[in-house]
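Engineer: After the sequence you'll find the predicted model.
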Amino acid sequence: MSLFAHESLEEVIHGRARLAILAFLSTVGKADFVTLRGEIRISDGNLSQHLKKLDDAGYIQLDKTISAGKPRTIARLTVTGRDAFYDYLDHLQSLLNAVPGRGAQG
C-alpha cells in the first residue's frame, strides 16, 4: 500500500476529538468524564459518542460507577489503544517526513 493511501490512516483515531482523547489519555493513562470534557472542550453528548467508538474499538476501557449518588465514568487507555495510537503517530510522522519543506520546489 502506498504511504499516501488515505485508508492507511486509522479512521477511528483520525477523528479530531478521538485523536485529542487518545493524546490526552496517553499522557495521563486514565481520566474521568468531567476532566476529559474540560481538556478536550467538547459537549457531553459528543464526548459520550466518541468514547463509545473508542471503547468499541478496544482502544479505551470505560469504568462506570456511582459516587455520592452520581454516575462517574473513568476512561482508561488500553494496551491495544496505546499501540494503535503510536502506530498512527508513526504513520503520520512518515507522511510528514515525505513532504518537502515549505520552500522546496515541487
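Structural biologist: That came in fine, so what should we check first?
Engineer: Please count neighbours and contacts with C-alpha atoms only from this point.
Structural biologist: OK.
Engineer: now for the lengthiest helix in the chain, which elements pack on it?
Structural biologist: Of all the segments assigned as helix in the chain under DSSP state H, the longest by residue count is helix 79-98. Other elements packing on helix 79-98 under the criterion 3 or more CA pairs under 8 Å, 6 or more residues apart in numbering; DSSP states H and E are helix 16-28.
Engineer: List the buried residues in the helix it packs on.
Structural biologist: 17-26 (16 or more other CA atoms under 10 Å).
Engineer: again, but for stretch 4-12
Structural biologist: 9, 12.
Engineer: Can you check what angle separates the longest helix of the chain from helix 16-28?
Structural biologist: 110 degrees (axes from the mean of the first three to the mean of the last three CA atoms, to 10 degrees).
Engineer: Contacts for helix 79-98, please.
Structural biologist: Applying CA atoms under 8 Å, 6 or more residues apart in numbering, the contact partners of helix 79-98 are 3-4, 9-10, 13, 22-23, 26, 58-60.
Engineer: Closest one to A68 out of the residues you listed, please.
Structural biologist: Nearest to A68 among those, counting by CA to CA, is I60 at 24.8 Å.
Engineer: what's the closest one sitting at in phi/psi?
Structural biologist: Main-chain torsions, I60, degrees, to the nearest 10: phi -130, psi 160.
Engineer: what is it paired to in the beta sheet?
Structural biologist: L77 (DSSP bridges).
Engineer: Dump the buried residues of helix 16-28 to CSV, plus distance to L36.
Structural biologist: Below are those laid out as CSV (distance: CA to CA, whole Å):
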residue, distance to L36
A17, 11
R18, 11
L19, 12
A20, 10
I21, 7
L22, 10
A23, 11
F24, 8
L25, 9
S26, 12
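Engineer: Would you format those residues as JSON lines with distance to A104 and pLDDT included?
Structural biologist: Converted to JSON lines, the buried residues of helix 16-28 look like this (distance: CA to CA, whole Å; pLDDT from 0 to 100):
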{"residue": "A17", "distance to A104": "32", "pLDDT": "97"}
{"residue": "R18", "distance to A104": "33", "pLDDT": "98"}
{"residue": "L19", "distance to A104": "30", "pLDDT": "97"}
{"residue": "A20", "distance to A104": "31", "pLDDT": "98"}
{"residue": "I21", "distance to A104": "34", "pLDDT": "98"}
{"residue": "L22", "distance to A104": "33", "pLDDT": "98"}
{"residue": "A23", "distance to A104": "31", "pLDDT": "98"}
{"residue": "F24", "distance to A104": "34", "pLDDT": "98"}
{"residue": "L25", "distance to A104": "36", "pLDDT": "98"}
{"residue": "S26", "distance to A104": "34", "pLDDT": "97"}
